[in-house]
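Novice: Have a look; sequence and predicted model below, questions after that.
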Amino acid sequence: YLPAPERLSPALLAAANEELASTLEHHGYAPHGYPPLQEAIAEHLTSRGLPTTPKQVLVTNGAQQAISLATAFLVQRGEAVALENPTYPGAIDAATAVGAQLIPIPTGMDGARVSAIADILANRNPKLVYLNPTFHNPTGTVMPDAARAEVARLIERHQVVTIDDRAEAELTVGGEPPPPPIAAHAPGAPILTVGSMSKLFWGGLRVGWIRAPVPLVSRLTGFKAVLDLGTSLPGQVVATHLLHDREAVRRERRQMITPRFHLLEELLSELLPTWSWTRPKGGLLLWVRLPSGSARELAVEARRLGVAILPGPTTSPDLSFDNHVRLTVSRPPDVLAEGIRRLAAAWDDYAPRAEGRGELEVIV
Ligand SMILES: Cc1ncc(COP(=O)(O)O)c(C=O)c1O
């Protein structure tokens, strides 16, 4: 997560306050969300290639609530949820919290493997599929448009609700903007296009959304109302103002993040030359492969030196990837540089113990 951009200034907060004051006559309950924000989100998604009306939008307390809401609504204990392997840990937590059986979807440089999704939909009866095809957490990959079209056709055929999590989708690093959301290929299919203010703007707003066909949005809105009667209005008013500035903020974020990735890659090449990675297309994360040893063990060593890294198994529905760590560029360059120096020191301490282990795990 990044700190708030300068645009989230006292002046903007004052403007939002003024706008809010004019709504105080109203009782303030808006289970779907603050209507001007629903409109701004619909306009945003339309500009990303997914034509959307405000009625198709449910405002949530961040993307995390969107994921956990959909999971709790759709999945009973013992039923299956399919997720990419690796994936965003918050999605694993949401599925685990309802007692779901987790089905890992193998994932490569082009995101989730479409043939695996087809096989799971045909044979494993999942109640929900969770995908993060745009600047995937943790690998930073993007599912190409043709694959998105195929996935959309599969969802249409099997009618299995599928989350397209776009929480990091605005954080392009250099390069091309990503393709439109999966739902652009199947507007009526049961696809929940999830988004968030957190990465581009600020996590403290706790504002996210679900975009879906109206009947599905209505059912989810009813369920959300049971839980919270709606998301707090002040944050939504601020979010509405900020969304109108999104292109400028997007450029600023890109200018902030891109050199941090360069710095991180330079330092890793210099200090940890045996580690390997593929440059991500966007997001805030670098998914790094260790030459040997256990990421979980290394994370303990690193923690001792004051560095927090996420070991691969935390991102994995079947606890694999103990040969990977997830690093982030969310801290400023000086902190990032110090973090990598300490991580290199942790590795120097740990590496002799790791030698010869890693590829093979002996289970007794
Ligand atoms: C892929 C993904 N989904 C969801 C979230 C949660 O975001 P929010 O702060 O909007 O709840 C994150 C945040 O790390 C994320 O990376």
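Specialist: Yep, it's here.

Novice: mind listing what residue 160 touches?
Specialist: Shown here is residue 160, whose contacts under the criterion C-beta atoms under 8 Å, 6 or more residues apart in numbering are 121, 126-129, 190. In this view, the C-beta of every residue, glycine as well, is placed from N, C-alpha and C.

Novice: Of these, which ones also sit close to the ligand?
Specialist: Within the set of the contacts of residue 160, contact with the ligand (C-beta under 6 Å from any ligand atom) is found for no member.

Novice: List buried residues within those residues.
Specialist: Among the contacts of residue 160, those scoring as buried are 121, 126-129, 190 (criterion: 16 or more other C-beta atoms under 10 Å).

Novice: Take those and keep only those in strands.
Specialist: 126-129 (DSSP state E).

Novice: Write out the residues of the stretch 151-300 of the chain neighbouring the ligand.
Specialist: Residues of the stretch 151-300 of the chain lying near the ligand by C-beta under 6 Å from any ligand atom: 165, 167-168, 196, 198, 203, 208.

Novice: make it 8 Å
Specialist: The stretch 151-300 of the chain comes close to the ligand at residues 165, 167-168, 194, 196-199, 203, 206-208, 283-285, as judged by C-beta under 8 Å from any ligand atom.

Novice: Which of those ranks first by neighbour count?
Specialist: Of all these, residue 207 has the most neighbours under the rule other C-beta atoms under 10 Å, reaching 31 neighbours.

Novice: what's the residue in the chain that the ligand sits nearest to in contact with, if anything?
Specialist: Among residues of the chain, the one nearest the ligand by C-beta to the nearest ligand atom turns out to be residue 62. It sits 2.6 Å away. If a contact means C-beta under 8 Å, 6+ apart, then residue 62 has 196-198, 203, 206-208 as its contacts.

Novice: about what we covered before: just the contacts of residue 160 now: which is nearest residue 349?
Specialist: When the contacts of residue 160 are compared for distance to residue 349, the smallest value, 41.3 Å, is given by residue 129; criterion: C-beta to C-beta.

Novice: What sits closest to that closest one if chain neighbours are left out?
Specialist: Distances taken as C-beta to C-beta, 6 or more residues apart in numbering put residue 162 closest to residue 129, at 4.2 Å, once the chain neighbours are dropped.

Novice: which residues of the stretch 51-200 of the chain fall in strands?
Specialist: For the stretch 51-200 of the chain, strands defined by DSSP state E, counting those that start in this stretch occupy the ranges 57-60, 80-85, 101-108, 111-112, 126-131, 162-165, 191-196.

Novice: Which positions in the third one come out as buried?
Specialist: Buried positions in strand 101-108, judged by neighbour count with 16+ other C-beta under 10 Å: 101-105, 107.

Novice: so where is this structure shaky, pLDDT-wise?
Specialist: Using pLDDT under 70 as the threshold, the predicted model of the chain has low-confidence ranges 356-364.

Novice: Show the residue spans covered by the helices in it.
Specialist: For the chain, the helices defined by DSSP state H cover 10-21, 35-47, 62-74, 89-97, 114-123, 145-158, 214-228, 233-243, 246-271, 295-304, 333-354.

Novice: got the contact list for the last one?
Specialist: For helix 333-354, contacts defined as C-beta under 8 Å, 6+ apart pick out 259-260, 263-264, 267-268, 271-272, 290, 292-294, 297-298, 301-302, 304-307, 309, 329, 331.

Novice: how about a cut-off of 6 Å?
Specialist: Defining contact as C-beta atoms under 6 Å, 6 or more residues apart in numbering, one finds that helix 333-354 is touched by 263, 267, 271-272, 292-293, 298, 301-302, 305, 307.

Novice: If anything else comes up later, I'll come back, but that's it for now.
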